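Visitor: Can you look at this prediction? I've put the sequence above it.
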Amino acid sequence: MKIEKSKGDDMYRYMMSTWRLSKPLELSQFYCAICGGPFKAGINSFFVPDDDETLLDESDEVSGESSALGTFLKPKHCDKTVLDSASIAWLHELLLLGWNPRTRKCFFTGPGVARDYRWALVQPGEDQEVPLRSPEDVDGNIAMGVYCKTFHCPQTDEESLQFPIHTTCLHMFQKALDMRKGTSVEIEKEALFTAMNDRDFEVWITSLNSINYFEFQFLSKQRLWIGTAGFEPWLCDPMNIPALKSLRLSLSHSTLSRTVRPISSSDSFACLPTEIIVRITELLISGEDVVHAMQASHSIREACGNTVWKHRLLNDMPYLYELSERIVSMGSEADRVVWREVYGRMMVQSQMDEQECLIPDTIKERMIRSKFDPALMGIASRRRIWHCIEQLLERYEREASA
């Protein structure tokens with residue numbers, strides 16, 4: 001396997017001689033601490049050099065997994081007709097959340113890019129806590145290791161630890177935090193760092209072990225990224241979804257009032273007031289449970305009007321904050337929207353069976369079969385990352401309130 005050392009052999013030798021490492025540096029990628037996704041992406045060749053040299057040899061082993069994984073151990077091309085270069089541009093930019101052992105405070109670096117051998121090249125940024133280390137500066141940038149204690153601080157004889165984060169994922173974390181608090185708040189760096197710092201980083205890792213990354217759970221533990229074709233929905237930009245902002249909402253023109261429900265001896269809910277039935281449906285875990293309840297009871301079916309489905313949309317898919325903002329801006333007109341239809345459509349865009357998507361030549365057929373709109377593909381990516389953020393937020397809030 002041919003290995004090309006980023007920024008030349010001098011930088012590699014410098015890192016080997018000055019960073020305190022538990023084992024020699026070896027070719028390896030690393031993934032976002034928040035979403036578990038990669039920091040590099042290519043359309044023509046995904047993590048494969050331009051000369052089409054394959055990074056994964058047949059002799060390479062995927063840790064803890066059977067060789068029966070077979071055909072997708074080697075990177076395969078993404079479908080250009082499904083995912084374009086603009087849709088994956090967000091994967092390239094990262095920043096680091098780290099600990100400065102000299103000042104004993106946390107910091108966010110400026111933007112940067114990932115390099116092989118588990119290090120990143122970042123701009124210092126405006127955070128005064130970023131440890132500036134001129135010996136390893138490269139064109140005004142700073143080289144820092146990730147997921148391992150690497151930088152020796154002469155003043156305290158301590159080492160720093162940095163977590164890599166997509167810039168987009170940090171923006172999403174900020175959005176989710178603001179929504180929880182009901183106002184704009186500043187991220188407490190120390191609380192977020194402690195929430196991520198959950199294990200001994202003397203052992204090499206590629207992502208956080210305490211976070212479930214869902215569709216990327218397996219991929220985020222591999223030394224080299226092996227998820228390409230078939231994973232397009234979760235690689236798409238989760239924030240920039242123009243089609244969601246301009247989503248056409250169907251309006252109901254019916255002005256008929258609700259009919260009086262007949263009491264049926266076979267329907268246990270028939271004797272309950274509509275308000276109680278609505279409250280019961282709100283306590284159900286998912287919209288699918290509501291549908292099953294509607295199929296089982298005529299009374300529930302009658303009670304589940306627009307208000308119920310609007311509530312389910314806001315409760316089950318909080319990551320669709322654009323729709324929440326539109327509901328507010330529409331005022332009373334929002335009551336005319338057929339929210340059950342919107343809920344069903346958004347559920348299709350949010351959920352996609354990753355097992356079927358592992359077969360590269362079926363991704364487009366699956367989209368057509370499930371009525372999956374490619375213009376809204378970023379919703380699937382956002383849903384996955386949002387659920388990752390929710391896990392991290394629980395730990396973050398405990399640390400912030402401590």
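Guide: Structure received. Residues are numbered from 1 along each chain as shown.

Visitor: quick one, helices of this structure?
Guide: Counting by DSSP state H, the segments of the chain that form helices are 8-18, 167-181, 189-196, 232-235, 242-245, 274-283, 287-296, 298-303, 306-316, 321-330, 339-350, 354-357, 363-369, 378-401.

Visitor: So which elements touch the fourth one?
Guide: Taking 3 or more CB pairs under 8 Å, 6 or more residues apart in numbering; DSSP states H and E as the contact definition, the neighbouring helices and strands of helix 232-235 are helix 354-357, helix 378-401. In this view, the C-beta of every residue, glycine as well, is placed from N, C-alpha and C.

Visitor: Check what pLDDT residue 69 gets.
Guide: We have a pLDDT of 34 for residue 69.

Visitor: The nearest residue to residue 391 once chain neighbours are set aside: neighbour count?
Guide: Spatial nearest neighbour of residue 391, chain neighbours left out: residue 211 (5.5 Å); criterion: CB to CB, 6 or more residues apart in numbering. Other residues lying near residue 211 total 22 when counted by other CB atoms under 10 Å.

Visitor: got a list of what residue 211 touches?
Guide: For residue 211, the contacting residues are 33, 34, 36, 388, 391, 392, by CB atoms under 8 Å, 6 or more residues apart in numbering.

Visitor: ok, these vs residue 339, which is closest?
Guide: Distance to residue 339 across the contacts of residue 211 (CB to CB) is lowest for residue 388, with 26.9 Å.

Visitor: can you pull the contacts of that closest one?
Guide: Residue 388 sits next to 34, 35, 36, 211, 212, 213, 214 when contact means CB under 8 Å, 6+ apart.

Visitor: What segments of the stretch 51-200 of the chain are strands?
Guide: Using DSSP state E, counting those that start in this stretch, the strands assigned to the stretch 51-200 of the chain run over residues 94-100, 105-108, 112-115, 119-122, 142-145, 152-153, 158-159, 162-166.

Visitor: Tell me which of these lies nearest to residue 194.
Guide: For the strands of the stretch 51-200 of the chain, the distance to residue 194 is smallest for strand 105-108, at 8.7 Å, taking CB to CB.

Visitor: Give me the helices and strands touching that closest one, please.
Guide: Packing partners of strand 105-108 (3+ CB pairs under 8 Å, 6+ apart): strand 94-100, helix 189-196.

Visitor: can you redo these as JSON lines with mean pLDDT?
Guide: Output for the helices and strands packed on strand 105-108, formatted as JSON lines (pLDDT from 0 to 100):
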{"stretch": "strand 94-100", "mean pLDDT": "94"}
{"stretch": "helix 189-196", "mean pLDDT": "96"}
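
Visitor: now, of those, which is deepest in the fold?
Guide: strand 94-100 (a mean of 24; mean count of other CB atoms under 10 Å).

Visitor: What is the burial count for residue 85?
Guide: Close neighbours of residue 85, defined as other CB under 10 Å, add up to 12.

Visitor: Quickly note the distance from it to residue 103.
Guide: 40 Å (CB to CB, to the nearest Å).

Visitor: now swap in residue 273 and tell me
Guide: For residue 273, the distance to residue 103 - CB to CB - is 61 Å.

Visitor: ditto for residue 124
Guide: Look at residue 124 and residue 103: by CB to CB, they are 14 Å apart.
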